[in-house]
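1. Fold the following and give me the result.
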Amino acid sequence: MSYEKSESRQFSRVSFRMAAELKVGDHEFNNVGIKDISMSGIFLESNFEIEKGGNCEINLKLEGVEPPIKIVLQGVIQRVEPDGVGVKFNQIPLESYEHLNHIVQFNSNNPSQSEDEIKKHVGLNPR
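-> Just a heads-up that it's a prediction; the model follows:
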């Protein structure tokens with residue numbers, strides 16, 4: 001599968017493999033696999049039932065540094081497929097945003113394209 005920018009996407013997705021924690025309502029799912037991620041969303045691999053439109057929180061824990069880096073992403077379930085769910089982010093704390101930006105940049109096949117997408121996106125453009 002290609003992770004190039006599609007016409008309907010504002011941000012390029014990058015392959016990123018690690019486990020995440022997903023919270024949807026009263027349900028918590030641990031060790032959920034990540035297929036890909038962008039500055040605006042994430043695709044989580046799952047076989048559990050989740051309804052489209054639900055609010056959720058995704059927690060990523062980047063280990064290998066002390067203290068481990070925690071990234072908190074809040075979003076809405078945008079699509080549900082047999083192999084997982086697509087989440088569109090609607091709230092990212094500034095510190096988590098900066099870490100997410102680094103993840104996307106470091107895993108991109110074209111880091112300058114990813115950087116340009118962020119600079120051109122008004123909602124993410126610091127002024």
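2. Any idea what the residue nearest to the spatial centre of the chain is bridged to?
-> Nearest residue to the geometric centre of the chain (CA atoms, centre = their mean): I42, 3.4 Å. For I42, the beta-bridge partners under DSSP bridges are I37, V87.
3. Any buried residues in the helix ranked longest in the chain, and which?
-> Longest helix of the chain, by residue count under DSSP state H: helix 94-107. Across helix 94-107, burial judged by 16 or more other CB atoms under 10 Å covers S96, Y97, H99, L100, N101, I103, V104, N107. From N, CA and C alone the C-beta is placed, and that goes for glycine too.
4. Tell me, please, the helix or strand in this protein that averages the lowest pLDDT.
-> Scoring the helices and strands of the chain by mean pLDDT, DSSP states H and E places helix 111-120 at the bottom, with a mean of 55.
5. longest strand anywhere in this structure?
-> When the chain is parsed with DSSP state E, its longest strand is strand 69-81.
6. If you average the pLDDT over that one, what comes out?
-> On average, the pLDDT along strand 69-81 is 96.
7. Other residues contacting that strand?
-> With CB atoms under 8 Å, 6 or more residues apart in numbering as the test, strand 69-81 has contacts from 24, 41-42, 50-62, 85-93, 96, 99-100, 103.
8. Helix 94-107 and that one, what's the angle between them?
-> Here strand 69-81 points in a direction 70 degrees away from that of helix 94-107 (axes from the mean of the first three to the mean of the last three CA atoms, to 10 degrees).
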